[in-house]
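Undergrad: When you get a sec, could you give me coordinates for this:
(chains A and B)
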2 protein chains.
Amino acid sequence: MFELDPRLQNDTITLGDFPLCRLLLMNDATYPWFILVPQRDDLQEIYQLSNDDRKQFWEESNRLSLWMERFFKFDKLNIAALGNLVSQLHLHHVGRRVGDPAWPNPVWGHSAAVPYTAMEIEKLYQVVQIEFVDLSRVDN
Amino acid sequence: MFELDPRLQNDTITLGDFPLCRLLLMNDATYPWFILVPQRDDLQEIYQLSNDDRKQFWEESNRLSLWMERFFKFDKLNIAALGNLVSQLHLHHVGRRVGDPAWPNPVWGHSAAVPYTAMEIEKLYQVVQIEFVDLSRVDN
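TA: Predicted coordinates for the structure are as follows:
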C-alpha cells in the first residue's frame, strides 16, 4: 500500500494521481516546482523501477514538463531525483528564472519556502485538473 | 555537427559515445560522477528530444546507473539535468555516500574538484570500455 513520505506530505500539496505517479505541488511560490512520486513501495532509485514503470515514469515527467513550459515562464527546467534527505523516490521539476533567489545555483536548501495562498492553490489545482484529464483525485 | 560545450569539455574526461550520448567522467575523484550529453545540436531541455531520442536517452541513463550501482559503493544516486550554468543538455549521475563532503546537500558548487590521477583515469576508461561494448571511441 503506497504511502507518501511524511516530509513530502508536509512540504507539498497533492494535486492528483497519474497512472503511476502522485503529482505534488511544492508549497513554495518562489518557483514553479512540481514533484512526481511513483506509487510503488520501497523504491529509492529510478533503476529499481520495472521497465514498464520506468517508461511510464518518464512519460509522465515529459507531460508535466511540456505543460510547465507552456504554462509558466522560465528560462531553464531543472529535473532531478536526489533523495539524500527523503529516500522515497521522487522527481523534482523546477522552473528556473535568471535572477530567481537561488540562480544559478540549485534550489534545494537555498531559502525558506514562501507558501502559496489558498486562492493560488485552488487556481493551480483547477488548471491541472483541466490539463490532465487522466489525473485521479486524491483525498488528502 | 555536435560539439561539446567548452566548460563540460574542460571539467570532464571523455569516455566514449553511446548511440545517442557522449559519456563523460567528471574530473572530480570526490564522487563517482558521470555525465551523459545527447549528441544533438541546440538542445537545452529533455522535452526537446524527439520521442525516439528521449527513450534512448533514458535507456542509456539506466544502463549507466545500473553499472554505477554495481561498480561503486554508494548510498544514493543523484540524477539531475540542471543546466543553469551550462545550457547544453547534460544529465548528471552522482553516487552519494553518507558523510561525503557535500552530504546531504547537492554536490554542485559545493567544493573544489579533486582531479583523478592519470592511472585512475586509465583504469576507469578500460573498465568502461569492457562494460559497454557499444561505446564508440572518441578522439579527444
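
Undergrad: Going by C-alpha atoms from here, please, whenever you check contacts or count neighbours.
TA: OK.

Undergrad: Return the mean pLDDT over the longest helix that chain A contains, rounded to an integer.
TA: Using DSSP state H, we find that the single longest helix of chain A is helix A:51-71. The average of the pLDDT scores along helix A:51-71 is 98.

Undergrad: That helix close to chain B?
TA: Yes - counting by C-alpha under 8 Å from any C-alpha of the partner chain, chain B is contacted by helix A:51-71 at A:55, A:58, A:62, A:65, A:66.

Undergrad: Then stretch A:38-46?
TA: Yes - using C-alpha under 8 Å from any C-alpha, we find that stretch A:38-46 touches chain B at A:44, A:45, A:46.

Undergrad: how about the longest helix of chain A: buried residues?
TA: For helix A:51-71, a neighbour-count test (16 or more other C-alpha atoms under 10 Å in any protein chain shown) marks A:53-54, A:56-62, A:64-65, A:68-69 as buried.

Undergrad: continuing past it, what's the next helix or strand?
TA: Next along the chain after helix A:51-71, taking DSSP states H and E as the criterion, comes strand A:76-81.

Undergrad: Summarise which helices and strands that following strand is packed against.
TA: strand A:91-96, strand B:76-81 (3 or more C-alpha pairs under 8 Å, 6 or more residues apart in numbering or on different chains; DSSP states H and E).

Undergrad: I'd like those strands laid out as a markdown table, including distance to residue A:117 and mean pLDDT.
TA: Listed next are the helices and strands packed on strand A:76-81 as a markdown table, based on distance: least, C-alpha to C-alpha, whole Å; pLDDT from 0 to 100:
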| stretch | distance to residue A:117 | mean pLDDT |
| --- | --- | --- |
| strand A:91-96 | 19 | 98 |
| strand B:76-81 | 30 | 98 |
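
Undergrad: The ones you listed: which one's closest to residue A:102?
TA: Between residue A:102 and the helices and strands packed on strand A:76-81, the shortest separation by C-alpha to C-alpha is 8.8 Å, and it involves strand A:91-96.

Undergrad: quick one, the helix or strand following the closest one and helix A:51-71 angle?
TA: Counting by DSSP H and E, the next helix or strand C-terminal to strand A:91-96 is helix A:118-131. Interaxial angle of helix A:118-131 relative to helix A:51-71 (axes from the mean of the first three to the mean of the last three C-alpha atoms, to 10 degrees): 120 degrees.

Undergrad: in helix A:118-131, what counts as buried?
TA: Buried residues in helix A:118-131, counted by 16+ other C-alpha under 10 Å: A:121, A:125, A:128.

Undergrad: Nearest residue to the second one in space, please, no chain neighbours.
TA: Going back to what we said before, that points to residue A:125. In this structure, residue A:125 finds its nearest non-sequential neighbour in residue A:15, 6.1 Å apart by C-alpha to C-alpha, 6 or more residues apart in numbering or on different chains.

Undergrad: Which residues of chain A lie near chain B?
TA: Applying C-alpha under 8 Å from any C-alpha, we find that chain A lies next to chain B at A:44-47, A:55, A:58, A:62, A:65-66, A:76-85, A:103-106, A:108-109.

Undergrad: In ChimeraX, select just the buried ones from those residues.
TA: Only the buried entries of these go into this ChimeraX selection, using 16+ other C-alpha under 10 Å:
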select /A:44,45,46,47,58,62,65,76,77,78,79,80,81,82,83,84,104,105,106
